[in-house]
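Asker: could you work out the structure for the sequence below:
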Amino acid sequence: MMQKPLLIIGNKNYSSWSLRAWLLLKAFNIDFDEQLIELFHPSATPILNEHAPTGKVPVLVYGEGDEKVTVWDTLAIAIHANDYLTELDLWTGLKKSDAETNTSNRINSAYCQSIIAEMHSGFMGIRSEMPMNIRAKAKIQPSNACLNDIARIETIFENCLKERSKDGYLFGSFTAADAFFAPVILRLQTYADASGIVLKSTTKQYCETMLNNPHLQAWREAALEETRVIKEDEAGEILSVVGVLADQK
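Answerer: Here you go, the predicted structure:
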């Protein structure tokens with residue numbers, strides 16, 4: 001029997017890449033243990049030195065000695081999970097045997113992989129100006145680069161929800177694409193209304209679907225229990241805070 005994988009993640013309030021990997025494994029019923037480290041804190045160093053070749057989270061590890069498997073980078077974790085850790089196809093949400101049966105599934109799989117890769121390598125405007133900060137409402141002055149990123153993301157959502165989706169997720173069933181765009185949903189919650197950014201109805205609909213996902217709700221609830229403030233991951237004018245930090249004031 002294979003050893004249960006261990007997913008090493010960072011602070012849930014801030015670590016968007018950790019959320020992607022964690023949500024992906026949860027959504028596809030892949031049993032794993034999690035170990036949370038404190039970002040930018042000396043206590044994290046020995047754990048990262050042991051398991052993470054890049055010194056970053058998330059990283060997925062299982063096995064021992066010569067048989068230890070180490071997977072770093074969220075996209076690599078998704079590919080590895082699809083290949084070895086589930087009977088479902090992460091790109092379509094279907095059983096692998098069903099995912100290969102017709103052209104429409106192949107088209108959706110290609111689109112799903114493409115928007116995941118686009119998210120993985122792009123959207124630097126929204127990343128830098130709207131860092132994930134789940135407990136806060138914050139006002140920013142978005143640049144054109146940030147607004148262009150939001151416009152492109154809304155186009156992706158609209159295309160999926162109008163052309164491909166039946167049940168509220170981007171491809172009907174939950175797929176890896178939903179996991180990869182989940183931090184965007186939380187970013188929009190933090191910054192959009194507070195900054196006067198008007199979102200399309202399809203975007204609001206998809207945000208509601210994702211915020212009702214029980215796994216995303218569990219992550220958010222855990223994030224609200226965290227007390228650490230990491231200045232490097234805070235942006236804009238903080239208008240309000242919820243969770244433990246709010247209770248302490």
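Asker: show me which positions of the helix or strand bottoming out on mean pLDDT in the chain end up buried.
Answerer: Among the helices and strands of the chain, helix 96-99 carries the lowest confidence by mean pLDDT, DSSP states H and E, at a mean of 82. Within helix 96-99, the residues that qualify as buried by neighbour count (16 or more other Cβ atoms under 10 Å) are residue 99. Quick note: C-beta positions are derived from backbone N, CA and C, even for glycine.
Asker: give the next helix or strand downstream of that helix.
Answerer: In the C-terminal direction, the helix or strand that comes right after helix 96-99 (DSSP states H and E) is helix 103-121.
Asker: so what does that following helix touch, helix or strand wise?
Answerer: Using 3 or more Cβ pairs under 8 Å, 6 or more residues apart in numbering; DSSP states H and E as the contact criterion, the secondary-structure elements in contact with helix 103-121 are helix 74-84, helix 96-99, helix 144-163, helix 176-191.
Asker: you'd agree residue 133 is up against residue 14?
Answerer: Yes: checked against Cβ atoms under 8 Å, the pair residue 133 and residue 14 is within contact range at 6.5 Å.
Asker: mutual contacts of the two, please.
Answerer: By the contact definition Cβ atoms under 8 Å, 6 or more residues apart in numbering, residue 133 and residue 14 are jointly contacted by residue 233.
Asker: circling back to that earlier point, using PDB, write down the CA coordinates of the least confident helix or strand of the chain.
Answerer: What follows is the C-alpha trace of helix 96-99 in PDB, where atoms were taken according to Å, rounded to 0.1, in the frame of the first residue of the first chain:
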ATOM      1  CA  LYS A  96     -10.600   8.500 -17.200                       C
ATOM      2  CA  SER A  97     -12.300   5.900 -19.400                       C
ATOM      3  CA  ASP A  98     -15.100   8.400 -20.100                       C
ATOM      4  CA  ALA A  99     -12.900  11.400 -20.600                       C
END
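Asker: touching that helix from outside, list them.
Answerer: Residues from elsewhere that reach helix 96-99, judged by Cβ under 8 Å, 6+ apart: 87, 88, 89, 91, 92, 105, 109.
Asker: make a PyMOL selection of the buried ones in these.
Answerer: Buried residues within the contacts of helix 96-99, by 16+ other Cβ under 10 Å, are selected in PyMOL with:
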select buried, resi 88+89+91+92+105+109
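Asker: among the contacts of helix 96-99, which are located in helices?
Answerer: Judged by DSSP state H, the subset of the contacts of helix 96-99 located in helices is 105, 109.
Asker: what's the span of stretch 119-139, first residue to last?
Answerer: 23 Å (Cα to Cα, to the nearest Å).
Asker: which parts of it are buried?
Answerer: Residues of stretch 119-139 classed as buried by neighbour count (16+ other Cβ under 10 Å): 119, 123, 125-127, 129-138.
Asker: from the residues you listed, which land in strands?
Answerer: Secondary structure assignment by DSSP state E places 136, 137, 138 of the buried residues of stretch 119-139 in strands.
Asker: ok so, going back, okay, who's weakest in the contacts of helix 96-99 by pLDDT?
Answerer: Across the contacts of helix 96-99, the smallest pLDDT goes to residue 105, namely 89.
Asker: which residues touch it?
Answerer: Remark: with contacts taken as Cβ under 8 Å, 6+ apart, residue 105 is in contact with 92, 94, 98, 99.
Asker: would you mark the buried spots in stretch 35-48?
Answerer: For stretch 35-48, the buried set under the neighbour-count rule, 16+ other Cβ under 10 Å, comprises 36, 37, 39, 44, 47, 48.
Asker: in space, what's closest to the third one - neighbours in sequence excluded?
Answerer: Once flanking residues are discounted, residue 39 sits nearest to residue 10: 4.4 Å by Cβ to Cβ, 6 or more residues apart in numbering.
Asker: measure that neighbour to residue 55 for me?
Answerer: 12 Å (Cβ to Cβ, to the nearest Å).
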